[in-house]
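> Predicted model and sequence below, questions to follow.
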Amino acid sequence: MPSFLEITPDKLARIIGTPNLPTIIDVRNDEDFGSDPRLIPGSIRRDFRSVTEWGTEISGPAIVLCQRGQKLGHGVAAHLRAMGKQAETLEGGFEAWRDSQGILVPEDKLPSRDVQGRTVWVTRSRPKIDRIACPWLIRRFVDPAAIFLFVPASEVALVGDRFNATPFDIEDIFWSHRGELCTFDVMIDEFGLKSDALLHLATIVRGADTARPDLAPEAQGLLAISLGLSRMFNDDLEQLEAGLLVYDAMYRWCRDATEETHNWPNPRKG
């Protein structure tokens, strides 16, 4: 049984991908990380020896993990609590998460970060489907602090070069369509995010994004919502914030509610 200062891998798995996920801090030492350089989705790496320096930057609840959920994780969490932060550790640490078949993101697939530790991405302005779905995936499963730049299509490559931003969803780059797969599919594959719920959502996104409504009944609805949002907002970032809520709802439906139905009127008693 975990103590009140710990969270189990099962419970953590239920809240990953949700909008109010606590900050997940990976404090494995370099040797342990080097033996398996993958990250729990949305986590950030920090040096346990300098917790009193970076700990002041943590806002909101935190979950700390080390290799086995022992001295490093508990020590860092205790330091954070002494600094007035809310912090708990992952029971069993990284090894327990890995052994429970939790999804893991390869560290070498992550773009470089800016001076504030954020990944920066750039794509075409006036997003519709992939360019909202991909930022949602990144924010919820890769880097909660990620920054997205929307610019004219002709400027994406140059902005990426000048501002060290990673281009996505344009032609002839790594993070883009491949054959019949859309960029959302590619990110799920490359980031190792192949859960049943995300693969289901990917089929819906692909159907909406590539004019293949036959792939999933929900594809037409997602297309309609996406086109409607694009006409509601002139500001791409405002549209992105609204779109994040749509994908939060779609993900939770894919994960928890695909078997649920709703009928009206309700059957009368007796």
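That came through fine. Keep in mind the model is a prediction, meaning the values are calculated, not measured. Numbering: from 1, shown residues only.
> Excluding covalently adjacent residues, which one is nearest to residue 248?
Excluding the flanking residues, the one nearest residue 248 by C-beta to C-beta, 6 or more residues apart in numbering is residue 19, at 5.6 Å. The way it works is simple: take the backbone N, C-alpha and C, and place the C-beta from them, glycine included.
> pLDDT at the one you found, what is it?
pLDDT, residue 19: 94.
> quick one, what contacts it?
Applying C-beta atoms under 8 Å, 6 or more residues apart in numbering to residue 19 gives the contacts 140, 244, 248.
> Please apply the same query to residue 102.
Applying C-beta under 8 Å, 6+ apart to residue 102 gives the contacts 9, 12-13, 40.
> Dump these to TSV, plus secondary structure and pLDDT.
Output for those, formatted as TSV (DSSP: H, G, I helix; E, B strand; the rest coil; pLDDT from 0 to 100):
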residue	secondary structure	pLDDT
9	helix	97
12	helix	97
13	helix	96
40	coil	98
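> where's residue 50 relative to residue 57, distance?
From residue 50 across to residue 57, the span is 11 Å (C-beta to C-beta, to the nearest Å).
> what's the answer for residue 183, then?
31 Å.
> more crowded one of the two?
Neighbour count, other C-beta atoms under 10 Å: between residue 183 and residue 57, residue 183 has more, with 25 against 10.
> what residue ranges in the stretch 1-150 of the chain score low on pLDDT?
1-3 (pLDDT under 70).
> mind listing the helices for it?
For the stretch 1-150 of the chain, the helices defined by DSSP state H, counting those that start in this stretch cover 9-15, 30-35, 51-54, 71-82, 93-99, 130-141.
> Would you mark the buried spots in the fourth one?
For helix 71-82, burial by neighbour count (16 or more other C-beta atoms under 10 Å) applies to 72-77, 79-80.
> Just give me the closest of the residues you listed to residue 198.
Closest approach to residue 198 among the buried residues of helix 71-82 (C-beta to C-beta): residue 73, at 27.1 Å.
> I'd say the closest one and residue 94 touch.
No. Taking contacts as C-beta atoms under 8 Å, residue 73 lies outside contact range of residue 94: 9.2 Å.
> got any residues that touch both of those two?
Residues touching both residue 73 and residue 94 by C-beta under 8 Å, 6+ apart: 65-66.
> what stretches of the stretch 151-270 of the chain score poorly on pLDDT?
In the stretch 151-270 of the chain, residues with pLDDT under 70: 267-270.
> picking up where we left off before, can you say which of the helices of the stretch 1-150 of the chain is nearest to residue 206?
Across those, residue 206 has its closest neighbour in helix 130-141 (9.1 Å, C-beta to C-beta).
> next one: the closest one to chain centre, how far?
7 Å (C-alpha atoms, centre = their mean, to the nearest Å).
> what residues does it touch?
Contacts with helix 130-141, where a contact means C-beta under 8 Å, 6+ apart, come from 16-19, 21, 41-42, 103, 105, 119, 121, 123-124, 146, 148, 150, 168-169, 175, 182-184, 187-188, 191, 193, 198, 205, 209, 226, 229, 239-240, 243-244, 246-248, 251.
> Which among these count as buried?
Listed as buried from the contacts of helix 130-141 are 16-17, 21, 41-42, 103, 105, 119, 121, 123-124, 146, 148, 150, 168-169, 175, 182-184, 187-188, 191, 193, 198, 205, 209, 226, 229, 239-240, 243-244, 246-247, 251; burial here means 16+ other C-beta under 10 Å.
> What about those, which are in strands?
Here DSSP state E is the test, and the buried ones among the contacts of helix 130-141 give 105, 121, 123-124, 148, 150 as lying in strands.
> farthest-separated two in the residues you listed?
The farthest-apart pair in these, when distances are taken by C-beta to C-beta, is 105 and 124, at 25.0 Å.
> ok, which pair from the buried residues of helix 71-82 is furthest apart?
Across the buried residues of helix 71-82, the longest distance by C-beta to C-beta is 12.7 Å; it joins 72 and 80.
> Tell me which other helices or strands the lengthiest helix in the chain touches.
Counting residues, the longest helix in the chain under DSSP state H turns out to be helix 236-252. Judged by 3 or more C-beta pairs under 8 Å, 6 or more residues apart in numbering; DSSP states H and E, helix 236-252 is in contact with helix 130-141, strand 147-151, helix 196-209, helix 219-232.
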